[in-house]
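Enquirer: all I have is the shape, not the residue letters:
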Ligand SMILES: O=P(O)(O)OC[C@H]1O[C@](O)(CO)[C@@H](O)[C@@H]1O
């Protein structure tokens with residue numbers, strides 16, 4: 001009779017060189033359906049193999065999908081790509097060493113002590129994840145990273161207030177396309193702050209972008225301190241192991257080569273056949289089985305480690321921008337996706353775990369368990385006993401095991417990724433694991449995981465709002481009296497609600513005059529005096 005230990009061993013995948021385990025014992029996977037679906041899974045792995053070999057997987061944009069080469073450049077199908085990756089590593093190493101050793105100095109002759117990274121989406125989330133996961137661990141004192149990832153004036157003001165003088169601050173402007181509005185705005189706001197502080201923006205500015213992009217051209221024209229490459233075969237949401245994530249990591253003093261090694265080792269494991277022994281394939285199959293191939297259940301990411309609390313935000317973009325697609329690759333409407341949320345355990349125990357156990361059954365959980373309580377050290381001697389013979393770490397691990405068991409008891413599925421500690425190699429491996437699972441799952445459901453047509457609609461509509469705003473401002477007359485939103489909309493042939501929405505924002509910020517904003521039909525707007 002197989003007991004619980006046999007069951008656990010049957011559903012456990014372990015890789016010695018990574019010291020990482022994937023524990024599917026509570027995942028409700030079953031051998032018959034895995035066997036029946038083995039050909040599909042093997043075909044998905046074949047497809048990933050072709051992608052790694054340079055297939056144009058992003059058909060709509062005519063692009064190869066090469067994030068796997070970032071940690072194993074020799075796999076790239078073109079020697080020029082291999083060289084470009086190695087060159088970027090050399091450039092990162094030299095630049096970060098120059099900054100950290102004080103050879104690259106600010107204009108006042110003093111060292112740079114921190115950086116602000118301006119970017120959004122994949123151009124910010126990866127660096128943020130790395131900073132949160134690794135900074136306390138391997139960076140020496142003296143270098144900080146702040147991130148400006150929005151066009152919110154209050155957020156920008158807060159960041160500038162926190163930073164104070166920018167004299168010792170590098171400004172990393174990160175945008176694959178080089179034309180993202182939020183990033184442009186962040187750059188312009190920081191440039192203005194430099195002018196206010198009588199500092200030269202180009203002397204601290206660094207661009208990470210596609211060669212020839214608008215940002216790249218600007219950086220060249222103005223002679224920015226440095227330019228680092230992005231490539232069209234790397235998607236924003238898989239760019240963390242390109243200069244996008246590696247340069248900030250290197251500046252922070254992280255062991256960025258270990259990140260790459262961890263990812264490369266996970267890639268090796270992720271190439272294992274048959275699929276039943278392959279961690280990424282089983283993870284993708286879990287998503288498929290739980291969501292019936294249509295994302296009907298959400299994935300709750302629960303790392304029991306504060307340093308991994310940004311993992312769910314990072315995975316939200318990786319998974320949802322990749323898989324959330326209206327059309328499949330045959331052009332059929334499929335409305336696919338897989339919702340991701342989570343924060344960290346045991347904190348979330350006191351938030352939504354109530355619903356997970358007792359409420360709507362529309363999710364499965366992926367736990368991340370970290371065996372070592374304090375990275376790099378054994379805490380036994382001298383530990384604080386919060387109860388006799390019990391440490392804080394024992395409680396944390398107990399909460400993980402308890403929550404997992406409590407969910408299983410109610411028939412809720414989960415998988416657990418077990419790490420020894422949160423170090424650069426483990427973080428690299430985690431990133432690679434999910435990247436591969438996304439690639440495999442996309443094959444299973446037949447969607448293009450590498451484009452994001454859906455984000456364009458909102459961007460275009462926002463442009464329309466600004467065009468309307470310009471028209472409204474031009475149509476306003478100087479005071480007394482003024483015009484209502486309806487009158488202005490009629491004069492412009494525009495939607496009166498849209499005109500009202502623009503006007504109330506302008507009026508609240510003192511850019512137009514208004515008698516009162518209480519009644520949308522009666523409010524009288526005029527040009528600000
Ligand atoms: O790096 P970029 O080109 O500024 O894009 C930022 C983000 O915007 C998106 O294109 C979505 O709008 C993401 O895919 C990307 O990570």
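Expert: That came through fine. Just so you know, these numbers come straight off a predicted model, no measurement behind them.
Enquirer: helices or strands up against the longest strand that the chain contains?
Expert: In the chain, ranked by residue count with DSSP state E as the criterion, the top strand is strand 363-370. Applying 3 or more CB pairs under 8 Å, 6 or more residues apart in numbering; DSSP states H and E, one finds that strand 363-370 contacts helix 279-290, strand 298-303, helix 392-409, strand 414-419. The way it works is simple: take the backbone N, C-alpha and C, and place the C-beta from them, glycine included.
Enquirer: the strands in the stretch 101-250 of the chain, which residues?
Expert: Secondary structure of the stretch 101-250 of the chain, counting by DSSP state E, counting those that start in this stretch: strands at 114-118, 144-148, 169-174, 205-210, 226-230.
Enquirer: which one of the ones you listed lies nearest to residue 427?
Expert: Relative to residue 427, the nearest member of these by CB to CB is strand 144-148, separated by 15.4 Å.
Enquirer: residues making contact with that closest one?
Expert: Residues outside strand 144-148 that contact it (CB atoms under 8 Å, 6 or more residues apart in numbering) are 113-119, 124, 127-128, 131, 135, 155-156, 159, 162-163, 186, 189-190, 248, 251-252.
Enquirer: on that earlier part again, of the strands of the stretch 101-250 of the chain, give the one that comes closest to residue 511.
Expert: Of all these, strand 144-148 sits nearest to residue 511, with 23.4 Å by CB to CB.
Enquirer: quick check: angle from that closest one to strand 169-174?
Expert: 50 degrees (axes from the mean of the first three to the mean of the last three CA atoms, to 10 degrees).
Enquirer: parallel or antiparallel, which strands does strand 144-148 pair with?
Expert: According to DSSP bridges, the neighbouring strands of strand 144-148, each with its direction, are strand 114-118 (parallel).
Enquirer: report the distance from the partner strand to the chain centre.
Expert: The gap between where strand 114-118 is centred and where its chain is centred comes out at 17 Å by CA atoms, centre = their mean, to the nearest Å.
Enquirer: could you do stretch 87-106 as well?
Expert: Distance, stretch centre to chain centre, for stretch 87-106: 25 Å (CA atoms, centre = their mean).
Enquirer: please apply the same query to stretch 42-53.
Expert: Counting by CA atoms, centre = their mean, stretch 42-53 is centred 24 Å from the centre of its parent chain.
Enquirer: re earlier: which one of the strands of the stretch 101-250 of the chain lies nearest to the ligand?
Expert: Comparison of the strands of the stretch 101-250 of the chain against the ligand by CB to the nearest ligand atom identifies strand 169-174 as nearest, at 6.6 Å.
Enquirer: packing partners for the closest one?
Expert: Contact analysis of strand 169-174 by 3+ CB pairs under 8 Å, 6+ apart lists strand 114-118, helix 181-196, strand 205-210, helix 243-251 as its packing neighbours.
Enquirer: need the winner for burial among the ones you listed.
Expert: helix 243-251 (a mean of 28; mean count of other CB atoms under 10 Å).
Enquirer: list the contacts of that one.
Expert: Counting by CB under 8 Å, 6+ apart, residues outside helix 243-251 touching it are 88-89, 91-93, 95-96, 99-100, 115, 117, 119, 122-123, 126-127, 130-131, 134, 143, 145, 170, 172, 174, 176, 206, 208, 228-230, 239, 256, 259-260, 424.
Enquirer: ok, the residue in the stretch 201-350 of the chain positioned nearest to the ligand - how many residues close by?
Expert: Closest contact between the stretch 201-350 of the chain and the ligand, by CB to the nearest ligand atom, is at residue 236 (2.6 Å). Using other CB atoms under 10 Å as the criterion, residue 236 is surrounded by 25 other residues.
Enquirer: now the helices and strands packed on strand 169-174 as TSV including mean pLDDT and distance to the ligand?
Expert: Written out in TSV, the entries for the helices and strands packed on strand 169-174 read as follows (pLDDT from 0 to 100; distance: least, CB to the nearest ligand atom, whole Å):
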stretch	mean pLDDT	distance to the ligand
strand 114-118	98	10
helix 181-196	98	5
strand 205-210	98	8
helix 243-251	98	8
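Enquirer: can you list those in CSV and add distance to residue 39?
Expert: Below are those laid out as CSV (distance: least, CB to CB, whole Å):
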stretch, distance to residue 39
strand 114-118, 44
helix 181-196, 44
strand 205-210, 39
helix 243-251, 36
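Enquirer: buried set for stretch 143-154?
Expert: Within stretch 143-154, the residues that qualify as buried are 143, 144, 145, 147, 148, 149, 150, 151, counting by 16 or more other CB atoms under 10 Å.
Enquirer: reformat the helices and strands packed on strand 363-370 as TSV; add distance to residue 494, mean pLDDT and mean neighbour count.
Expert: Converted to TSV, the helices and strands packed on strand 363-370 look like this (distance: least, CB to CB, whole Å; pLDDT from 0 to 100; neighbours: other CB atoms under 10 Å):
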stretch	distance to residue 494	mean pLDDT	mean neighbour count
helix 279-290	44	98	25
strand 298-303	39	98	25
helix 392-409	52	97	16
strand 414-419	51	98	23
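Enquirer: OK, contacts around the nearest residue to residue 353 once chain neighbours are set aside?
Expert: Using CB to CB, 6 or more residues apart in numbering and skipping residues adjacent in sequence, the residue nearest residue 353 is residue 403, 6.2 Å away. Taking CB under 8 Å, 6+ apart as the criterion, residue 403 is in contact with 302, 345, 346, 349, 353, 367.
Enquirer: now do the contacts for the closest residue in space to the second one that isn't next to it in sequence.
Expert: Taking CB to CB, 6+ apart as the measure, residue 345 lies nearest to residue 304, with 4.3 Å between them; neighbours along the chain are not counted. With CB under 8 Å, 6+ apart as the criterion, the residues that contact residue 304 are 344, 345, 346, 367, 368, 369, 370, 396, 397, 399, 400.
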